[in-house]
Every structure is written in structure tokens, then in C-alpha cells.
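**Student:** fold the following.
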Amino acid sequence: MPFFCYFGGKWRAALRYPPPKYGRIVEPFAGAAGYSLRYPTAKVELYDKDPLISALWQYLIQVTEHEILNLPERVEHVDDIKAPQEAKWLVGFWLNKGSVSPRLTPSAWARSGVRPKSYWGPEIRTRIASQLKAIRHWKITEASYINCDDVEATWFIDPPYQGAPGRLYRYKIEEYEQLANWCKSRSGQVIVCERKGAAWLPFQGIGSIKATPGRRGKGISEEVIWEALSSSSPP
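**Tutor:** Purely as a prediction, here's the structure:
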């Protein structure tokens, strides 16, 4: 399961995408790393330009199970948590699922009591602690996609959506043509995902994916994909 819920996260959709052909997975737009979490034993390298996301992943890779289990079960305001800032961000993402930034207080959905195990509480806390051992070997780098070295790997590229949905992200893509050329230049297996309507690559539909409902969405996302594979054989 995901370590935190992030807008556009691919945990649910990941099994619709081709499985990795390489033992090395690179996600240049880490977000919640939903694809890599389906294959956690791979050599996973995450990159994200957002310092908040990068710091949160560094925290998760290094934090102890004991520290996570010591976080409070119930939170009315994250500033009440006596823990590092990254822990507050972690909890904040679980106070309003599918957002681009962590909340300070529980959302109306979280306060409603509907599906209480889907928001921050003892169940989420315990599950996160139990999963930490699976990502100890992962690496995270705070950097733009353009700074990633080209290596033979499975590249899972999940950038901010083009168009209106992309405006919600803290860090946006200014030049999708540049991003398209960069994607085409990667070595190995390249998987690029987007929403229906994006035109910066010749995307193909993979169907409707269940998403987190809210004021801006209906709980369904129409996802599309572009894939390429270099001629060299995977290791």
C-alpha cells in the first residue's frame, strides 16, 4: 500500500502498466512512487524537484519502526505532533487523501467517520511501520528530471498532468515538448503516463482508474500511456 496519498498517485493504476523489464527502476517524478512500491525489491531510484517530497522520502527510508509507532493515533492539528517536520508532512497527507500538499487539520472527509481506516489512525500507522523494511535500499535525490543521468533501467515517468489538472501541483512542467524529447532519449524501458487529452506524446488509453473523490474529481481518472523499449537486452 502507498506510504502516503498524493494527487495523481499510481498505486491503484500500477498493475495496469507493463511490469519492469529491468532490475533498476527510476522514477524522475517520485510523488508517492506508486509504481515502484509494487516492485519494492528492485533497485529503486527516486527523484523529485519538490523539496518536501524529497525530504519525506528520505525520512521514510531512514526512520525506524519505533518512531512511526510513536506518532499519535489521532491528530487534530499536525503542529501538536512532537516529531520531525517530515513526520508532520506524512500525517498531513493522510488527513486529506489525494492532495498535492499535506494538510494541517483533518479534512471534512476525514472528520466524517466514513471509512475511518482510510485516513490517519492506528491502522495506517501500523501498516507504514511494517512496510519500512521494504524500502531501506531505495535512494531519493532532490532534483529536476532534466538532471537525471541516462542509465539502462525501467523508467517510470509520471509528470504533472498537462492542462488544468497540472495546475494543482506545487512544481509544474513548463515545456512538455522538452519533456517528450527527454523521455524518448532514455535507455531501457520507458513508461510514460498521463491523463486522457494529453498530446505531448502519442499516448494510448489504458482505461478508467479509480481515484480519490473530492470537490475537483468524480473518483475516476482516464489514464493513458506511452511506452518504448531500447534494442539492447535487459540485464
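
**Student:** counting by contacts, list what the lengthiest helix in the chain packs against.
**Tutor:** Assignment by DSSP state H gives helix 51-62 as the longest helix of the chain. Applying 3 or more CB pairs under 8 Å, 6 or more residues apart in numbering; DSSP states H and E, one finds that helix 51-62 contacts strand 43-48, helix 85-93, strand 139-142. The way it works is simple: take the backbone N, C-alpha and C, and place the C-beta from them, glycine included.

**Student:** following element in sequence after the helix or strand bottoming out on mean pLDDT in the chain, please.
**Tutor:** The helix or strand of the chain with the lowest confidence, counting by mean pLDDT, DSSP states H and E, is strand 204-210 at a mean of 76. Downstream of strand 204-210, the first helix or strand assigned by DSSP states H and E is strand 220-229.

**Student:** what mean pLDDT does that following strand get?
**Tutor:** The average pLDDT within strand 220-229 is 88.

**Student:** what's the burial count for the residue lying closest to residue 40 once chain neighbours are set aside?
**Tutor:** Leaving aside its chain neighbours, residue 40 sits nearest to residue 134 (4.2 Å; criterion: CB to CB, 6 or more residues apart in numbering). By the measure other CB atoms under 10 Å, the count of residues near residue 134 is 12.

**Student:** go on, residue 88?
**Tutor:** 20.

**Student:** residues in contact with the most centrally placed residue in the chain?
**Tutor:** Residue closest to the mean C-alpha point of the chain, counted by CA atoms, centre = their mean, is residue 32 at 2.0 Å. Counting by CB atoms under 8 Å, 6 or more residues apart in numbering, residue 32 touches 2, 3, 4, 5, 6, 9, 10, 11.

**Student:** what's the answer for residue 161, then?
**Tutor:** Contacts of residue 161 (CB under 8 Å, 6+ apart): 8, 194, 195, 198.

**Student:** which residues does the second one bridge with?
**Tutor:** Right, residue 194. Beta bridges link residue 194 to residue 224 when assigned by DSSP bridges.

**Student:** for residue 123, see how far away it is.
**Tutor:** Distance of residue 194 to residue 123, given as CB to CB, to the nearest Å: 33 Å.
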